[in-house]
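A.B. asks: Mind folding the following:
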Amino acid sequence: MVRVGAKGLLGGAVLCLALFTGGCSHQRAEKAETPPRKVIGHSVHGRPIEAVTIGNGPEHVFIGATIHGNEWAGTPIVEKLIDYLPGRKDILGSRTVTIVPVINPDGYHFKTRGNAHGVDLNRNFPAENRENSRRYGMSAFSEPESKILYDIIEETSPTRIVIIHQPLDKVDWDGPARPLAQHMARHTHLPEDRIGARPGSMGSHYGVDKNIPIITYELPRHAERESTSTLWDQYGRALLASITYPEPVSRAAFSPVSLSTLLAPVVILVVSLLVLFVVDWFFTRRRRVENRLE
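C.D. replies: Numbering: from 1, shown residues only. Model (predicted):
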(Lines give C-alpha, C1' and ligand atoms only; values in the text may rest on other atoms or scores of the structure.)
Protein backbone atom coordinates (compact mmCIF):
# COMPACT_ATOMS: atom_id res chain seq x y z
CA MET A 1 0.00 0.00 0.00
CA VAL A 2 1.37 3.44 -0.93
CA ARG A 3 1.48 5.75 2.07
CA VAL A 4 1.10 9.49 1.83
CA GLY A 5 2.76 11.48 4.53
CA ALA A 6 0.94 13.95 6.73
CA LYS A 7 2.72 16.85 5.06
CA GLY A 8 1.64 15.54 1.66
CA LEU A 9 -1.99 15.33 2.70
CA LEU A 10 -1.94 18.81 4.21
CA GLY A 11 -0.22 20.14 1.09
CA GLY A 12 -2.91 18.57 -1.10
CA ALA A 13 -5.63 20.27 0.88
CA VAL A 14 -3.91 23.65 0.60
CA LEU A 15 -3.40 23.11 -3.14
CA CYS A 16 -7.11 22.35 -3.65
CA LEU A 17 -8.11 25.52 -1.83
CA ALA A 18 -5.60 27.57 -3.81
CA LEU A 19 -6.83 26.21 -7.15
CA PHE A 20 -10.45 26.80 -6.24
CA THR A 21 -9.80 30.32 -4.99
CA GLY A 22 -7.91 31.12 -8.16
CA GLY A 23 -10.76 29.79 -10.27
CA CYS A 24 -13.28 31.89 -8.35
CA SER A 25 -11.11 34.98 -8.78
CA HIS A 26 -11.03 34.35 -12.53
CA GLN A 27 -14.79 33.87 -12.56
CA ARG A 28 -15.34 37.15 -10.73
CA ALA A 29 -13.04 38.99 -13.11
CA GLU A 30 -15.14 37.86 -16.09
CA LYS A 31 -18.43 39.10 -14.60
CA ALA A 32 -20.00 41.66 -16.93
CA GLU A 33 -20.84 45.15 -15.78
CA THR A 34 -24.43 46.21 -15.12
CA PRO A 35 -25.78 47.92 -18.26
CA PRO A 36 -26.66 51.62 -17.96
CA ARG A 37 -30.24 52.84 -17.75
CA LYS A 38 -31.55 55.53 -20.04
CA VAL A 39 -34.49 57.77 -19.14
CA ILE A 40 -36.67 57.77 -22.25
CA GLY A 41 -39.41 60.02 -20.89
CA HIS A 42 -41.61 60.84 -17.92
CA SER A 43 -45.08 59.90 -16.74
CA VAL A 44 -47.99 62.27 -16.13
CA HIS A 45 -46.66 62.91 -12.61
CA GLY A 46 -43.09 63.25 -13.79
CA ARG A 47 -41.80 59.83 -12.79
CA PRO A 48 -38.99 58.62 -15.08
CA ILE A 49 -39.53 55.80 -17.54
CA GLU A 50 -36.27 53.91 -18.02
CA ALA A 51 -34.98 51.58 -20.72
CA VAL A 52 -32.01 49.24 -20.69
CA THR A 53 -30.36 47.95 -23.86
CA ILE A 54 -28.15 44.85 -23.76
CA GLY A 55 -26.17 43.43 -26.68
CA ASN A 56 -25.44 44.92 -30.09
CA GLY A 57 -26.65 42.37 -32.64
CA PRO A 58 -28.86 43.09 -35.64
CA GLU A 59 -31.86 41.09 -34.35
CA HIS A 60 -33.76 43.23 -31.86
CA VAL A 61 -36.12 41.99 -29.12
CA PHE A 62 -38.27 44.36 -27.04
CA ILE A 63 -39.49 43.35 -23.57
CA GLY A 64 -41.67 45.48 -21.30
CA ALA A 65 -43.53 45.13 -18.01
CA THR A 66 -46.17 46.89 -15.91
CA ILE A 67 -48.11 48.69 -18.60
CA HIS A 68 -50.97 48.14 -16.13
CA GLY A 69 -49.86 49.37 -12.72
CA ASN A 70 -51.72 46.68 -10.81
CA GLU A 71 -50.07 43.92 -12.89
CA TRP A 72 -46.52 44.44 -11.72
CA ALA A 73 -45.18 40.91 -11.21
CA GLY A 74 -43.26 41.28 -14.47
CA THR A 75 -41.08 44.09 -13.15
CA PRO A 76 -38.96 41.99 -10.74
CA ILE A 77 -38.61 39.35 -13.48
CA VAL A 78 -37.24 41.80 -16.05
CA GLU A 79 -35.01 43.38 -13.40
CA LYS A 80 -33.59 39.91 -12.86
CA LEU A 81 -33.24 39.58 -16.64
CA ILE A 82 -31.22 42.81 -16.72
CA ASP A 83 -28.82 41.33 -14.14
CA TYR A 84 -28.72 37.96 -15.93
CA LEU A 85 -28.11 38.85 -19.58
CA PRO A 86 -24.80 40.79 -19.56
CA GLY A 87 -21.97 38.43 -20.40
CA ARG A 88 -24.33 35.62 -21.49
CA LYS A 89 -23.26 35.42 -25.12
CA ASP A 90 -24.88 32.01 -25.35
CA ILE A 91 -28.26 33.67 -24.82
CA LEU A 92 -27.71 37.00 -26.56
CA GLY A 93 -25.93 35.67 -29.64
CA SER A 94 -26.36 38.19 -32.47
CA ARG A 95 -29.24 39.96 -30.73
CA THR A 96 -29.98 43.21 -28.99
CA VAL A 97 -32.53 43.30 -26.18
CA THR A 98 -34.26 46.48 -25.03
CA ILE A 99 -36.10 46.26 -21.70
CA VAL A 100 -38.50 48.74 -20.09
CA PRO A 101 -39.09 47.48 -16.52
CA VAL A 102 -41.96 49.86 -15.66
CA ILE A 103 -43.98 51.28 -18.55
CA ASN A 104 -46.59 52.88 -16.26
CA PRO A 105 -44.73 54.28 -13.22
CA ASP A 106 -47.67 56.28 -11.86
CA GLY A 107 -49.97 53.27 -12.02
CA TYR A 108 -47.19 51.17 -10.48
CA HIS A 109 -46.87 53.68 -7.64
CA PHE A 110 -50.61 53.75 -6.92
CA LYS A 111 -51.21 50.10 -7.95
CA THR A 112 -53.90 51.11 -10.44
CA ARG A 113 -54.54 49.65 -13.89
CA GLY A 114 -54.51 53.00 -15.67
CA ASN A 115 -52.08 55.88 -15.51
CA ALA A 116 -52.56 59.03 -13.41
CA HIS A 117 -55.38 60.10 -15.75
CA GLY A 118 -57.12 56.74 -15.32
CA VAL A 119 -56.44 55.81 -18.96
CA ASP A 120 -55.65 52.21 -19.89
CA LEU A 121 -52.32 52.59 -21.70
CA ASN A 122 -52.83 49.29 -23.51
CA ARG A 123 -55.91 50.76 -25.22
CA ASN A 124 -54.22 54.04 -26.20
CA PHE A 125 -52.50 52.97 -29.42
CA PRO A 126 -53.57 53.97 -32.96
CA ALA A 127 -54.85 50.54 -33.94
CA GLU A 128 -57.48 50.30 -36.65
CA ASN A 129 -59.92 48.91 -34.07
CA ARG A 130 -59.33 51.60 -31.42
CA GLU A 131 -62.22 53.21 -29.57
CA ASN A 132 -62.01 56.73 -28.14
CA SER A 133 -63.30 57.07 -24.59
CA ARG A 134 -62.29 58.43 -21.21
CA ARG A 135 -61.07 54.97 -20.26
CA TYR A 136 -59.09 54.39 -23.46
CA GLY A 137 -58.15 58.02 -24.08
CA MET A 138 -60.00 60.50 -26.26
CA SER A 139 -57.36 60.00 -28.96
CA ALA A 140 -54.46 57.71 -29.67
CA PHE A 141 -51.36 58.68 -27.68
CA SER A 142 -53.32 61.05 -25.51
CA GLU A 143 -51.08 59.81 -22.70
CA PRO A 144 -47.33 60.49 -22.47
CA GLU A 145 -46.49 56.93 -21.40
CA SER A 146 -48.02 55.27 -24.48
CA LYS A 147 -46.30 57.77 -26.79
CA ILE A 148 -42.95 57.16 -25.06
CA LEU A 149 -43.43 53.40 -25.50
CA TYR A 150 -44.32 53.88 -29.15
CA ASP A 151 -41.24 56.06 -29.73
CA ILE A 152 -38.78 53.56 -28.21
CA ILE A 153 -40.30 50.73 -30.25
CA GLU A 154 -40.08 52.82 -33.42
CA GLU A 155 -36.47 53.65 -32.58
CA THR A 156 -35.42 50.03 -31.97
CA SER A 157 -37.55 48.37 -34.71
CA PRO A 158 -37.83 45.03 -32.88
CA THR A 159 -38.39 41.78 -34.71
CA ARG A 160 -40.63 40.67 -31.83
CA ILE A 161 -42.23 42.21 -28.74
CA VAL A 162 -43.02 40.67 -25.35
CA ILE A 163 -45.15 42.54 -22.80
CA ILE A 164 -45.74 40.96 -19.38
CA HIS A 165 -49.27 41.12 -17.93
CA GLN A 166 -51.49 39.41 -15.37
CA PRO A 167 -53.72 37.58 -14.45
CA LEU A 168 -54.79 35.14 -17.21
CA ASP A 169 -52.17 32.35 -16.88
CA LYS A 170 -51.22 31.94 -20.53
CA VAL A 171 -48.89 32.90 -23.35
CA ASP A 172 -51.15 35.05 -25.50
CA TRP A 173 -50.16 36.26 -28.96
CA ASP A 174 -51.15 38.51 -31.82
CA GLY A 175 -49.96 38.84 -35.38
CA PRO A 176 -47.62 36.12 -36.71
CA ALA A 177 -46.53 35.16 -33.18
CA ARG A 178 -48.09 31.75 -32.61
CA PRO A 179 -44.83 29.81 -33.22
CA LEU A 180 -43.10 32.15 -30.75
CA ALA A 181 -45.89 31.63 -28.20
CA GLN A 182 -45.64 27.86 -28.58
CA HIS A 183 -41.87 28.08 -28.19
CA MET A 184 -42.19 30.10 -24.98
CA ALA A 185 -44.90 27.79 -23.62
CA ARG A 186 -42.48 24.85 -23.91
CA HIS A 187 -40.29 26.67 -21.38
CA THR A 188 -42.93 27.29 -18.70
CA HIS A 189 -46.07 25.71 -17.27
CA LEU A 190 -48.32 28.34 -18.86
CA PRO A 191 -50.16 27.23 -22.02
CA GLU A 192 -50.14 28.98 -25.37
CA ASP A 193 -53.61 30.41 -25.95
CA ARG A 194 -54.86 33.36 -27.95
CA ILE A 195 -57.27 35.76 -26.28
CA GLY A 196 -57.87 38.03 -29.26
CA ALA A 197 -56.84 41.59 -30.05
CA ARG A 198 -58.43 44.30 -27.91
CA PRO A 199 -59.42 47.77 -29.18
CA GLY A 200 -56.42 50.10 -29.37
CA SER A 201 -54.09 47.57 -27.76
CA MET A 202 -50.46 46.89 -28.55
CA GLY A 203 -51.52 43.48 -29.83
CA SER A 204 -53.91 45.12 -32.27
CA HIS A 205 -51.52 47.85 -33.39
CA TYR A 206 -48.28 45.88 -33.68
CA GLY A 207 -49.53 42.33 -34.17
CA VAL A 208 -52.61 42.75 -36.33
CA ASP A 209 -51.96 46.07 -38.10
CA LYS A 210 -48.16 46.00 -38.44
CA ASN A 211 -47.69 42.21 -38.58
CA ILE A 212 -44.98 42.23 -35.88
CA PRO A 213 -44.99 39.15 -33.62
CA ILE A 214 -46.14 40.27 -30.16
CA ILE A 215 -46.59 38.20 -27.03
CA THR A 216 -48.81 39.09 -24.08
CA TYR A 217 -47.13 37.03 -21.38
CA GLU A 218 -49.98 36.60 -18.88
CA LEU A 219 -48.76 35.60 -15.43
CA PRO A 220 -51.18 34.30 -12.78
CA ARG A 221 -53.27 36.44 -10.47
CA HIS A 222 -51.32 37.41 -7.32
CA ALA A 223 -48.02 36.34 -8.87
CA GLU A 224 -46.54 39.51 -7.37
CA ARG A 225 -46.79 37.86 -3.94
CA GLU A 226 -44.04 35.44 -4.94
CA SER A 227 -40.37 36.18 -4.34
CA THR A 228 -38.22 37.35 -7.23
CA SER A 229 -36.32 34.04 -7.23
CA THR A 230 -39.58 32.06 -7.45
CA LEU A 231 -40.91 34.27 -10.26
CA TRP A 232 -37.65 33.89 -12.14
CA ASP A 233 -37.56 30.12 -11.69
CA GLN A 234 -41.12 29.75 -12.98
CA TYR A 235 -41.25 32.34 -15.77
CA GLY A 236 -37.72 33.50 -16.54
CA ARG A 237 -36.76 30.60 -18.81
CA ALA A 238 -39.65 31.33 -21.19
CA LEU A 239 -38.58 34.97 -21.28
CA LEU A 240 -35.08 33.88 -22.27
CA ALA A 241 -36.64 31.61 -24.90
CA SER A 242 -38.34 34.66 -26.42
CA ILE A 243 -34.84 36.05 -26.95
CA THR A 244 -33.19 32.88 -28.30
CA TYR A 245 -36.17 31.93 -30.52
CA PRO A 246 -36.25 29.58 -32.36
CA GLU A 247 -33.42 28.01 -30.36
CA PRO A 248 -34.43 26.42 -27.02
CA VAL A 249 -33.01 27.33 -23.62
CA SER A 250 -31.91 24.24 -21.73
CA ARG A 251 -32.41 23.98 -17.99
CA ALA A 252 -28.63 23.79 -17.61
CA ALA A 253 -28.17 27.06 -19.51
CA PHE A 254 -30.99 28.69 -17.55
CA SER A 255 -29.57 27.64 -14.18
CA PRO A 256 -25.78 27.50 -14.53
CA VAL A 257 -23.85 25.84 -11.73
CA SER A 258 -23.75 28.19 -8.76
CA LEU A 259 -20.71 28.98 -6.66
CA SER A 260 -22.15 27.01 -3.72
CA THR A 261 -22.61 23.97 -5.94
CA LEU A 262 -19.01 24.21 -7.10
CA LEU A 263 -17.80 24.73 -3.55
CA ALA A 264 -19.49 21.66 -2.05
CA PRO A 265 -17.28 18.92 -3.57
CA VAL A 266 -14.15 20.98 -2.94
CA VAL A 267 -15.07 21.36 0.75
CA ILE A 268 -15.73 17.63 0.98
CA LEU A 269 -12.35 16.88 -0.59
CA VAL A 270 -10.48 19.28 1.66
CA VAL A 271 -12.20 17.97 4.81
CA SER A 272 -11.43 14.39 3.76
CA LEU A 273 -7.76 15.24 3.27
CA LEU A 274 -7.64 16.94 6.65
CA VAL A 275 -9.25 13.89 8.30
CA LEU A 276 -6.66 11.65 6.63
CA PHE A 277 -3.97 14.01 7.86
CA VAL A 278 -5.21 13.74 11.46
CA VAL A 279 -5.52 9.93 11.24
CA ASP A 280 -2.04 9.61 9.72
CA TRP A 281 -0.58 11.88 12.39
CA PHE A 282 -2.29 9.89 15.18
CA PHE A 283 -1.08 6.48 14.02
CA THR A 284 2.42 7.76 13.25
CA ARG A 285 2.66 9.16 16.77
CA ARG A 286 1.28 5.93 18.23
CA ARG A 287 3.89 3.81 16.38
CA ARG A 288 6.66 6.04 17.65
CA VAL A 289 5.45 5.57 21.22
CA GLU A 290 5.22 1.80 20.76
CA ASN A 291 8.75 1.69 19.31
CA ARG A 292 10.11 3.49 22.36
CA LEU A 293 8.44 0.97 24.67
CA GLU A 294 9.90 -2.10 22.90
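
A.B. asks: Residue 241: what's it in contact with?
C.D. replies: If a contact means CB atoms under 8 Å, 6 or more residues apart in numbering, then residue 241 has 183, 184, 186, 187, 248, 249 as its contacts. For the C-beta atoms, the positions are set from N, CA and C on the backbone; glycine is no exception.

A.B. asks: Contacts for stretch 35-52, please.
C.D. replies: Under CB under 8 Å, 6+ apart, the answer for stretch 35-52 is 53-54, 82, 85-86, 98-106, 109, 115-117, 143-145, 147-148, 151-152.

A.B. asks: what's near enough to touch residue 134?
C.D. replies: Per CB under 8 Å, 6+ apart, neighbours of residue 134: 118, 119.

A.B. asks: can you list contacts of the helix or strand containing residue 64?
C.D. replies: Taking DSSP states H and E as the definition, residue 64 sits inside strand 59-65. With CB under 8 Å, 6+ apart as the test, strand 59-65 has contacts from 72, 74-75, 77-78, 81, 93-103, 149, 152-153, 156-164, 239, 242-243.

A.B. asks: Parallel or antiparallel, which strands does it pair with?
C.D. replies: strand 95-100 (parallel), strand 160-165 (parallel) (DSSP bridges).

A.B. asks: Could you export those to a markdown table, including columns for distance to residue 205 and mean neighbour count?
C.D. replies: As requested, those are arranged in a markdown table below (distance: least, CB to CB, whole Å; neighbours: other CB atoms under 10 Å):
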| stretch | distance to residue 205 | mean neighbour count |
| --- | --- | --- |
| strand 95-100 | 16 | 22 |
| strand 160-165 | 10 | 25 |
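
A.B. asks: Would you mind listing the buried residues in stretch 103-111?
C.D. replies: 103, 104, 105, 106, 107, 108 (16 or more other CB atoms under 10 Å).

A.B. asks: how far is it from where the chain is centred?
C.D. replies: 21 Å (CA atoms, centre = their mean, to the nearest Å).

A.B. asks: residue boundaries of the strands in the stretch 1-150 of the chain?
C.D. replies: Assigned by DSSP state E, counting those that start in this stretch, the stretch 1-150 of the chain shows strands spanning 37-42, 48-54, 59-65, 95-100.

A.B. asks: how about those strands, which one is nearest residue 209?
C.D. replies: strand 59-65 (16.4 Å; CB to CB).

A.B. asks: Including mean pLDDT and distance to residue 171, could the strands of the stretch 1-150 of the chain go into JSON lines?
C.D. replies: What follows is the strands of the stretch 1-150 of the chain, written out as JSON lines (pLDDT from 0 to 100; distance: least, CB to CB, whole Å):
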{"stretch": "strand 37-42", "mean pLDDT": "98", "distance to residue 171": "27"}
{"stretch": "strand 48-54", "mean pLDDT": "98", "distance to residue 171": "22"}
{"stretch": "strand 59-65", "mean pLDDT": "98", "distance to residue 171": "14"}
{"stretch": "strand 95-100", "mean pLDDT": "98", "distance to residue 171": "18"}
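
A.B. asks: Of those strands, which is nearest residue 191?
C.D. replies: strand 59-65 (20.4 Å).

A.B. asks: Next, count neighbours for residue 275.
C.D. replies: Using other CB atoms under 10 Å, residue 275 has 11 neighbouring residues.

A.B. asks: The one 5 residues further on now?
C.D. replies: The burial metric for residue 280, expressed as a neighbour count using other CB under 10 Å, is 18.

A.B. asks: In what element of secondary structure is it found?
C.D. replies: Counting by DSSP H and E, residue 280 is part of helix 259-293.

A.B. asks: quick one on the thing from earlier: just flag the most distant two among the buried residues of stretch 103-111.
C.D. replies: The widest separation within the buried residues of stretch 103-111 (CB to CB) is 10.6 Å, between 103 and 106.
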